Every structure is written in C-alpha cells, then in structure tokens.
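Chemist: missing the sequence, but the structure's below:
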C-alpha cells in the first residue's frame, strides 16, 4: 500500500512538472521545489550519471516513477493542452499564479533553518528575481530568432538545435526560469511542440530534429545538474535565496505569458485575471501538501 501511494505521488509530481515545462512562463523546477522534492530530483539526476551502482539503481527507480507522470503529462500537453493554453491562457496563468503565491510561504517554512539570520544573502534573492525578469523580457511579441522548418536539417541548424536543448534543460530544472520561454526566445518552441505532436500522430519527418534536441537535453543534464547539486550542498542558503528569487520572478513571467503565444495577447491584468483558477491553484498546492504529509505519516 505504501509503495502504491509513493507511485501515485510521484506520478502526480511528474505530471505537474510536465504541465509547467510545456508552457512558457513556468518551470518544472519551480513545481519540484514547491512540492518539496527538488533535492531528490537533482540528486537522482546526478547519481544516475555519476553515482555508484547502488546509487544508480535508487536514482533510476525514483526517476522512472516521476518520469511516467512527466511523459503522460507532457504528451497530454503537446496534444490537447497547448490549444487550451491558446484559448484559456488567462485562466491557466491565474492557475499558476495560485500555485506559486500560495506555495512560496510553504517553501520558506521548510527552509527557515538555512534562511534565518542569513539576511545578507537577500542579494541572491534580488539576483534571482532579476535573472528571470530579464530572460522573460527578452521574448517580445515575436520571436527574436526565426528558425524555419526543422524537418529540413542542415549542419548549422542541427548544432543550433543541440545547443538550444542544452540551454533549455538547464532552465527547466532551475526553479523560476522557464525552458519553454527560452525555446520561444530561440525560435524553437513552436517547431519542437509541433514536432512532438506530429510524431505522436506517426508523422516522423520531425524525428531527426527531435533526436538531436534530446541529445542536447541529455548533455545539458550531465553538465548542469552537478553544478546545482554542489550549490545546494555547499552553499544552500545562498542557493535557496536565489531559487526563491527566481520563483518570485516567475510571477512576472506568468503575467507576461500571454504575450509569448504564437498569436500574442495582452499580458494578464486585473480584468482578465480568473479568481476561480487562482483559488484552484491554491487548493491543488494545499491538496498535494496534505497528500505528502499523509504519505510521510504512514
């Protein structure tokens, strides 16, 4: 029974990460930090590539459970929710605002031992906010870079896709920085999401580009995860302050999310804000917290 509960919890966590990773403005890393499994996630990724045999087995078990939920969530987003975000972007933005605003106090409470008395590290909070705001601001109503059709690969385009995959995954695993926003900035969000959708429908013309992008993602994980793990272990206070800053900065990214659509809309405002979606976001966070505490008590 306990194992079943763990599978269900990991599935939900992975699913929520995928929803965040698939849309501009929100980071899967943010969701992992909010739901308090970020350390386990980063350590498992690092151990999978660099740990001993026992660590690799434990890491693989954790990531498979999480990955099943992530894959289901991402495929759902690629086939159904992408159009929902286009049509109901303000409701979805309000939902994610509810996630983050109500979860930040939970994170602060969980990390109070490393935050208390280390107020000089507020500088890292400010830097975290600034980093996300600057990255989000780079993407105007049109992409900065036009990539074109990724089904016709050239060597320069293949290298570009590979490097973008490396950069995007580093953002996806960092709380606050949206990998999808970076894909928008580099002109690859629509081509990659279209490629995933077409491949699901057995059109394999996008597959070579997706494989190259996936190799970039793997290399990005190997390179960046170790740095994040070391920062959390050796400089936890500074890192947590920076992560909180990135989470606060992501509020700006979410508000600006509608401007990053293929057909840009005005940013979220008091007139387009959905209080119902906002409350649902809060309920989901508290519900997941309750489920987590229930599992830990059993």
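Modeler: The structure has been received and is ready for your questions. Everything numeric here is computed off the predicted structure, so don't read it as measured data.

Chemist: Only C-alpha atoms from now on, for both contacts and neighbour counts.
Modeler: Noted.

Chemist: where does the protein have its least confident helix or strand?
Modeler: The weakest-scoring helix or strand in the chain, judged by mean pLDDT, DSSP states H and E, is helix 82-87 (a mean of 66).

Chemist: in the following helix or strand past that helix, what's buried?
Modeler: Per DSSP states H and E, the first helix or strand lying C-terminal to helix 82-87 is helix 89-110. Within helix 89-110, the residues that qualify as buried are 89-104, 106-108, counting by 16 or more other C-alpha atoms under 10 Å.

Chemist: Give me the next element, helix or strand, following the longest helix belonging to the chain.
Modeler: Scanning the chain for the helix with the most residues, using DSSP state H, yields helix 207-234. Once helix 207-234 ends, the next helix or strand along the chain (criterion: DSSP H and E) is helix 236-255.

Chemist: Contacts for that next one next, please.
Modeler: Residues outside helix 236-255 that contact it (C-alpha atoms under 8 Å, 6 or more residues apart in numbering): 24-26, 30, 93, 96-97, 100, 104, 111, 114-115, 118, 121-122, 124-133, 136, 174-177, 231-232, 267-269.

Chemist: What's the PyMOL line that selects buried ones from the residues you listed?
Modeler: Buried members of the contacts of helix 236-255, defined by 16+ other C-alpha under 10 Å, are picked up in PyMOL with:
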select buried, resi 24+25+26+30+93+96+97+100+104+114+115+121+122+124+125+126+127+128+129+130+131+132+133+136+174+175+176+177+232+267+268
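
Chemist: Distance check, the closest residue to residue 103 other than its chain neighbours against residue 280.
Modeler: Computed as C-alpha to C-alpha, 6 or more residues apart in numbering, the closest residue to residue 103 that is not its neighbour in sequence is residue 34, at 5.8 Å. According to C-alpha to C-alpha, to the nearest Å, residue 34 and residue 280 sit 16 Å apart.

Chemist: Neighbour count: these two, which is higher?
Modeler: residue 34 (25 against 16; other C-alpha atoms under 10 Å).

Chemist: just checking, residue 11 touches residue 64?
Modeler: No: with contact taken as C-alpha atoms under 8 Å, residue 11 and residue 64 are classed as non-touching, separated by 9.4 Å.

Chemist: between those two, who's got more neighbours?
Modeler: residue 11 (22 against 15).
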